[in-house]
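> Following is a predicted model, sequence given first.
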Amino acid sequence: MSTNLISDALQRLRSEWSYTAYAAAANAVDAGATDLPEYRVAWLRNITVEPLLPVLKGEIALTGARPQVYLGSFDTIATEVLDSDSDLYRFKPDLIILSLWLEALNFRIARRFISLSAQGVETECAAILGDIERYLTAIRKKAPNAPILLNNFPLPDFTTLGILEASHKLSQSEVLQSLNLGIKEIASRIRDVYIVDFLQLFARIGSSQGFSSRDWHLSRTPYGRHALVPIGQEYGKFIRALRGKARKCLVVDCDNTLWGGVIGEDGLDGIKLGPTHPGSWYVEFQQEILNFHDRGVILALCSKNNEDDVLEVLQRHPSQVLREEHFALRQVNWDGKVLNLRRIAEQLNIGLDSLVFVDDSPLECGFVRQELPEVEVIELPTDPSKFRSALMSRSLFDTLTVSREDRERTRMYRADQERQKILENVGSLEEYLAKLQLTADIGIPDQSSVARVAQLTQKTNQFNLTTIRYTEGQIHSFVDGADSDAFCVRLADRVADLGIVGVGVLRYHGEQAVIDTLLMSCRALGRGLENTLAAFLVNTAQANGCSRILGYYRATKKNAQVAGFYEKLGFRSVRADENGSDWERRLDDAPLAYPRWMKVRISEPALRPKRTSATAW
């Protein structure tokens, strides 16, 4: 199947989100996407999940990968996870999904709850949680690097106690909530286990839509027909985050989007924006956008308008929630929105595939979809009461962690404007960098920073030599392992603290060190920090008794700028082809120096060699 047919199927999916569109996209990718990287998912279950497969495959295809799915036999979870030689482990999955339905796991709690005494309930719940912990522990031991998705339990459509449910001392709903808390506690103790929140999902779509008694009895498929897409998309959110495909920037129109009416015609007092209907719908929409801002999503304006009119709303309207300081930048002019979206991506130094564009105009949305297929487009419905759900339904910005750097992202981008003013008043780049008073703090990720480090591996694409994605648990394993090291670097200057912006991972094999990961946030580029981190990794390898260090460049569509990075550092090429290159440096060569303008501070634990008693440099 041609690339165009696959592209057309995925584009249809992005505009339609129907089960039929998912099936078409899954079939297209299965048939012809041999040039895409594989993403291998093992699905273990005590129910029939086959109807979900097209949605899962379509979600994987949307991340730019070709899905390969191992479907465990029906209700054989214990056998597969406890046997170290099972087909599950031979499959070598990138992700493991564990689908558990309570009625198949424990019929008495699910359907005969009223027959149980308090002691009986306690015994049955302990057995459920014991089985789940046994499964997860076995998987983590035998497949240490595969993240696990585990669903919790939705509330039943009808409880056995009827109207007494809410007031009875021992209620089924309360017990299920307790079970879900137990699952959460177990997941918190076993690394890289993520909860797929069926409790919240079924509450949103409704029990009557989520559960199908007919399909349950016919084929042991509990999910209703109308629940297949929402459930598959819920798994897709995690896959998107794990594969580093979460979007970064929300770009919004103004007229009939942030407020009702046209500011240039209706004026400040005439637009619909306020505490009562219909202006309250727009206030609600803005409040949700502000929540994205507080999670670290970059906000930008893209509007065909007079900028002074828009600024008047941002600065003066009493019900305006989003103010000027919440937007990293604005493109408010009479140019085309395609051109302005390109400008936004360029000025923020992010890819077009990091943008989500929200507009009320079908014409504008259609043109952006056609000209910029990388941009995710949300076309708002004509009814503003549905704006919030249109924005929230795809969860395009979901990540596995939210860090301090995320919450301060807009402030950091606005600080770049201050740096630009400094640059305009100096004669050379080196003078500019010296005036910035740059300080790099290099250390080992700890409990407070490991989430940010994992997030950088999941989201950084441009300055990333290998583009390997890691979870928090895997970062912890590098820190704790005898044959590996993980480091993070924080950057500050006279304008602001940029936070943790770089990650380096070393693996040791005898007298050889390998730079497994070397990445830098795009916000920190052009200051010499990448050379600082590379020099630190080389020195660390030498302090750990290594005689040579290898660096890998693995080519992607986005990291071409780092293809020659190791060559510039004086590494020797040992292999090169269209997929990347391998580089070597003898550690008896002259040491790599830090840039003259960079003040480098290294924490004491990072100075301490892990594998040798040699004196730290």
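Structure's in. What do you need?
> strand partners of the helix or strand Val41 falls within, parallel vs antiparallel please.
Following DSSP states H and E, one finds Val41 within strand 38-45. Here strand 38-45 has these sheet partners by DSSP bridges: strand 66-71 (parallel), strand 95-99 (parallel).
> For the helix or strand that the first one is followed by, list every residue counted as buried.
Next along the chain after strand 66-71, taking DSSP H and E as the criterion, comes helix 77-82. Taking 16 or more other Cβ atoms under 10 Å as the neighbour-count basis, helix 77-82 is seen to contain the buried residues 77, 80-81. Yep, even glycine has a C-beta here, placed from its N, CA and C like the rest.
> mind exporting helix 77-82 as PDB, just the C-alpha atoms?
As requested, the backbone C-alpha atoms of helix 77-82 are provided in PDB (Å, rounded to 0.1, in the frame of the first residue of the first chain):
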ATOM      1  CA  ILE A  77      -2.500 -14.300  32.500                       C
ATOM      2  CA  ALA A  78      -0.900 -16.300  35.400                       C
ATOM      3  CA  THR A  79       0.500 -18.900  33.100                       C
ATOM      4  CA  GLU A  80       2.100 -16.300  30.800                       C
ATOM      5  CA  VAL A  81       3.600 -14.000  33.300                       C
ATOM      6  CA  LEU A  82       5.000 -16.600  35.600                       C
END
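> If you count contacts, what does it end up packed against?
With contacts taken as 3 or more Cβ pairs under 8 Å, 6 or more residues apart in numbering; DSSP states H and E, helix 77-82 sits against strand 38-45, helix 87-90, helix 118-142.
> try 6 Å
On a contact count with 3 or more Cβ pairs under 6 Å, 6 or more residues apart in numbering; DSSP states H and E, helix 77-82 meets helix 118-142.
> Would you map out the domains in the chain?
Under the assignment automatic domain parsing, the domains of the chain span 3-242, 249-392, 407-607.
> Any idea which of those domains gets closest to Thr399?
Nearest of the domains of the chain to Thr399, taken as Cβ to Cβ: domain 3-242 at 5.3 Å.
> what's the spacing between that closest one and its chain's center?
19 Å (Cα atoms, centre = their mean, to the nearest Å).
> can you check stretch 469-487 too?
Stretch 469-487 has its C-alpha centroid displaced from the chain centroid by 19 Å (Cα atoms, centre = their mean).
> how long is that stretch end to end?
15 Å (Cα to Cα, to the nearest Å).
> per-residue confidence averaged over that stretch?
Confidence over stretch 469-487, taken as the mean pLDDT, stands at 94.
> follow-up on the earlier one: out of the strands paired with strand 38-45, indicate the one that is most buried.
Among the strands paired with strand 38-45, strand 95-99 has the highest mean neighbour count (mean count of other Cβ atoms under 10 Å), at a mean of 24.
> Following element in sequence after that one, please.
Once the chain leaves strand 95-99, the following helix or strand, as judged by DSSP H and E, is helix 102-105.
> Quick check: what element follows that following helix along the chain?
Moving toward the C-terminus from helix 102-105, the next helix or strand (DSSP H and E) is helix 107-111.
> and Pro605, how many residues sit next to it?
Neighbouring residues of Pro605 were enumerated by other Cβ atoms under 10 Å; the total is 12.
> Could you measure from the residue lying closest to it once chain neighbours are set aside over to Leu533?
The spatially closest residue to Pro605, leaving aside those adjacent along the chain, is Ile444, at 5.0 Å (Cβ to Cβ, 6 or more residues apart in numbering). According to Cβ to Cβ, to the nearest Å, Ile444 and Leu533 sit 14 Å apart.
> cool, Glu364 as well?
Where Leu533 is concerned, Glu364 sits at a distance of 42 Å (Cβ to Cβ).
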